[in-house]
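> Coordinates only, no sequence provided:
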């Protein structure tokens, strides 16, 4: 990938790049999920945090650091579509127009991808974002290749395409317009209420059986959600988004993901029932997984918010993951194994039947695709395409 800036994140605008914060007490940051930056696997330097007495405990009032600003760097992607051959997920291609995600979900499996940028999967992941400004043009080029074969495309498989910066950048809307133009089927998974902005395009895509939208709801407990995913839409707003999508004729489902033992698992049945009442047709779930640097981000968060539950939560995760904190094997990484995994599976199946869901996945039409014209260029103002004269 090519960035427009050699150093898009000036050091005086954002927190220092990863520190080892094990020596300092974990403390929540207002409006952020991670409680700090964690070292990543590509780090060449090692740092140790030291308490100099200004973090509380002395005669002075406890110090609260200022809120962290969100910064956005610009990148021009050579290719925008990612491929996978995982048997655990129902699609083999996806697009992520943004790197990092301001929603700040502490459990996000995509956090380790920030390490490829030399940034921390902790606070950096949710404050130092990247927008792939040419996402629409890059997708047009890929869809127009002679050898392209159509299948369902997932928007936002790693980072949320309706995170707050989409309101300004509108990359997701541009991608939707192109996919509608070409008759390409797609699915979206999101926690963002901004999804309602694109109801006009959704209705046209849905009328042709080209679209499925899933709202992720981990819990209906607003206090837990505020700590767990601080800048995502509130749980009740996600239910309202399901209701609005359903009313517009858009096939919509609910993703209960991830199920976190002793944090959100008690909400499984309530979420499924509420989402079905709002109009969700389909439902699926995953259990928490902690690949790479997600583990220290999550354990630091537990220490800050639920220190009394930390040992209990981690022991249950070990039970789900064959004695480890993460199990990357296909077939078990999404659902886990053992007694706890079986219990969650049975509870989910029973709740889905009781609520009256018709299916787990929404089927889409893959026969309408027409490759985009290769001679289409963007207007100078970027608002609409125009045909090339020569």
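Nice, thanks for sending it over. Bear in mind the structure is a predicted one, so any value in this text is a computation, not a measurement.
> So, low pLDDT: which residues of the chain?
1-26, 41-65, 359, 374-390 (pLDDT under 70).
> Could you check the longest helix belonging to it and say which residues are buried?
In the chain, assigned by DSSP state H, the helix with the most residues is helix 339-355. Buried residues in helix 339-355, counting neighbours by 16 or more other CB atoms under 10 Å, are found at 340, 341, 344, 347, 348, 351, 352, 355. From N, CA and C alone the C-beta is placed, and that goes for glycine too.
> so the last one makes contact with residue 276?
Yes. Here residue 355 reaches residue 276: they are 4.0 Å apart, a contact under CB atoms under 8 Å.
> who touches both of these two?
residue 283 (CB atoms under 8 Å, 6 or more residues apart in numbering).
> who's in contact with residue 262?
Neighbour list for residue 262: 309, 312, 313, 316 [criterion: CB under 8 Å, 6+ apart].
> can you do 10 Å?
When contacts are counted by CB atoms under 10 Å, 6 or more residues apart in numbering, residue 262 touches 302, 306, 309, 310, 312, 313, 314, 315, 316, 317.
> I'd like those residues written out as JSON lines, with neighbour count and secondary structure added.
Output for the contacts of residue 262, formatted as JSON lines (neighbours: other CB atoms under 10 Å; DSSP: H, G, I helix; E, B strand; the rest coil):
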{"residue": "302", "neighbour count": "22", "secondary structure": "helix"}
{"residue": "306", "neighbour count": "15", "secondary structure": "coil"}
{"residue": "309", "neighbour count": "14", "secondary structure": "coil"}
{"residue": "310", "neighbour count": "17", "secondary structure": "helix"}
{"residue": "312", "neighbour count": "13", "secondary structure": "helix"}
{"residue": "313", "neighbour count": "19", "secondary structure": "helix"}
{"residue": "314", "neighbour count": "18", "secondary structure": "helix"}
{"residue": "315", "neighbour count": "12", "secondary structure": "helix"}
{"residue": "316", "neighbour count": "21", "secondary structure": "helix"}
{"residue": "317", "neighbour count": "25", "secondary structure": "helix"}
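> And the longest helix of the chain, how far out from the chain middle?
Centroid separation for helix 339-355 versus its chain: 24 Å, with CA atoms, centre = their mean, to the nearest Å.
> Going along the chain, name the helices of this structure.
Under DSSP H, the chain gives helices at 123-127, 135-143, 166-169, 171-182, 199-207, 222-228, 235-247, 268-278, 294-305, 310-320, 339-355.
> so of those helices, which one's packed in deepest?
helix 123-127 (a mean of 27; mean count of other CB atoms under 10 Å).
> So which of the helices of the chain is nearest residue 80?
The closest of those to residue 80 is helix 135-143. By CB to CB, the value is 3.9 Å.
> Which other helices and strands does that closest one contact?
strand 71-76, strand 81-83, strand 93-95, helix 171-182, strand 376-378, strand 385-387 (3 or more CB pairs under 10 Å, 6 or more residues apart in numbering; DSSP states H and E).
> could you redo the last one with a cut-off of 8 Å?
Under the contact criterion of 3 or more CB pairs under 8 Å, 6 or more residues apart in numbering; DSSP states H and E, helix 135-143 touches helix 171-182, strand 376-378.
> so what's residue 89 up against?
Residue 89 neighbours (CB under 8 Å, 6+ apart): 157, 334.
> hang on, the earlier thing: and the longest helix of the chain with helix 268-278, angle?
30 degrees (axes from the mean of the first three to the mean of the last three CA atoms, to 10 degrees).
> by contact count, what packs against helix 339-355?
helix 268-278, strand 282-287, helix 310-320.
> With residue 370 as the reference, name the closest of the ones you listed.
For residue 370, the closest of these is strand 282-287, at 27.5 Å, according to CB to CB.
> Let me know the angle separating that closest one from helix 268-278.
Using the same axes, to 10 degrees: strand 282-287 against helix 268-278 is 160 degrees.
> which helices and strands sit right next to strand 282-287?
On a contact count with 3+ CB pairs under 8 Å, 6+ apart, strand 282-287 meets strand 211-216, strand 252-259, helix 268-278, helix 339-355.
> Give me the contact list for the second one.
Contacts of strand 252-259 with the rest of the structure, by CB under 8 Å, 6+ apart, involve 107, 189, 212-218, 242, 245-246, 264-265, 268, 271-272, 275-276, 279-289, 344, 348, 361-362.
> again with the longest one
Under the contact criterion CB under 8 Å, 6+ apart, helix 339-355 has outside partners 256, 259, 261, 265, 268-269, 272-273, 276, 283, 285, 287, 316, 319-320, 332, 335-336, 360.
> can the helices and strands packed on strand 282-287 go into TSV with extra columns for distance to residue 72?
Listed next are those as TSV, based on distance: least, CB to CB, whole Å:
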stretch	distance to residue 72
strand 211-216	23
strand 252-259	26
helix 268-278	32
helix 339-355	37
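> Can you check which of those gets nearest to residue 195?
The minimum distance between residue 195 and the helices and strands packed on strand 282-287 falls on strand 211-216, with 6.7 Å, by CB to CB.
> what packs against the closest one?
On a contact count with 3+ CB pairs under 8 Å, 6+ apart, strand 211-216 meets strand 186-190, helix 199-207, helix 235-247, strand 252-259, strand 282-287.
> Tell me the gap between it and the middle of its chain.
Distance, stretch centre to chain centre, for strand 211-216: 13 Å (CA atoms, centre = their mean).
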